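> need a structure here:
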Amino acid sequence: MTSTIRTSVVPFVVEASGTGVAQHLVVQGDAGHEFDTDAYPAFGGKDEAPSPLFFALGSLTSCNQVTANLVAKDLGITLGKFTFRIQGDLDTAVLVKGVEGNSNFDTVTVEATVETDATGDAFEHFVSEVERRCPVTQLFVRSGTGFVNTWTRADLT
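Just a heads-up that it's a prediction; the model follows:
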């Protein structure tokens, strides 16, 4: 049997250390990116940095925008400014009290507006491709979380 080397696989590595619920994270690589996480006092933190849950939702907006630009390039679509509002509804009973159930978000709602020259079916195809190709979107969709993804087009300015 022959093995195929997959040159399209890129490892993303983050190293972290912390005390209590606070962490300092370092992205592996030459860029030197670092960030911190914490939690609300109700979860044992000091609220001195965003919660990992906010980072998860923030990564969803960012990954959608990156993916949208890749998809637009493939489809020959021009994009302008983006705005996002993402809401994750989390029942904290499993996380905080240890009750049985799923500790994931119940529902995540994405509301995106993008300036574009795509209209009608071309815009709908663009949106469906972004959802299909965005790795972070797929983490939420495939986790079983209720996922509402609403995109609105705006004229390019």
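> This structure: strands as residue ranges?
For the chain, the strands defined by DSSP state E occupy 14-19, 22-27, 34-37, 79-89, 107-116, 146-154.
> which stretches of this structure have low pLDDT?
1-5 (pLDDT under 70).
> for it, what spans make up the helices?
Assigned by DSSP state H, the helices in the chain fall at 52-75, 120-133, 135-142.
> Out of these, which gets nearest to Val108?
helix 135-142 (5.3 Å; C-beta to C-beta). Using the backbone N, CA and C atoms, a C-beta is placed for each residue, glycine as well.
> Report the central residue of this protein.
In the chain, the centroid-proximal residue (C-alpha atoms, centre = their mean) is Leu60; its distance is 1.6 Å.
> Can you tell me how far the closest residue to that one other than its chain neighbours is from Val9?
The shortest distance from Leu60 to any residue other than its chain neighbours is 4.9 Å, reached at Val136 (C-beta to C-beta, 6 or more residues apart in numbering). Val136 sits 17 Å away from Val9, going by C-beta to C-beta, to the nearest Å.
> Of those two, which one has the most company?
Val136 (18 against 6; other C-beta atoms under 10 Å).
> I'd like the distance between that one and Gln23.
20 Å.
> before we move on, what about Thr119?
45 Å.
> Quick check on the two: which one has the bigger neighbour count.
Ranked by neighbour count (other C-beta under 10 Å), Thr119 and Gln23 place Gln23 first, with 17 against 10.
> Could you give the bridge partners of the more buried one?
Gly18, Thr37 (DSSP bridges).
> what do you get for Trp151?
Where Trp151 sits in a bridge, its partners, by DSSP bridges, are Ala112.
> Please identify the deepest-packed of the strands of the chain.
strand 107-116 (a mean of 19; mean count of other C-beta atoms under 10 Å).
> just checking, what packs against it?
helix 52-75, strand 79-89, strand 146-154 (3 or more C-beta pairs under 8 Å, 6 or more residues apart in numbering; DSSP states H and E).
> again, 10 Å this time
Here strand 107-116 touches helix 52-75, strand 79-89, helix 120-133, helix 135-142, strand 146-154, going by 3 or more C-beta pairs under 10 Å, 6 or more residues apart in numbering; DSSP states H and E.
> how much does the fourth one deviate in direction from helix 120-133?
Using axes from the mean of the first three to the mean of the last three C-alpha atoms, to 10 degrees, one finds that helix 135-142 and helix 120-133 are set 80 degrees apart in direction.
> contacting residues for Phe35?
By C-beta atoms under 10 Å, 6 or more residues apart in numbering, Phe35 lies in contact with Val14, Ala16, Gln23, His24, Leu25, Val26, Val27, Ala49, Pro50, Phe55.
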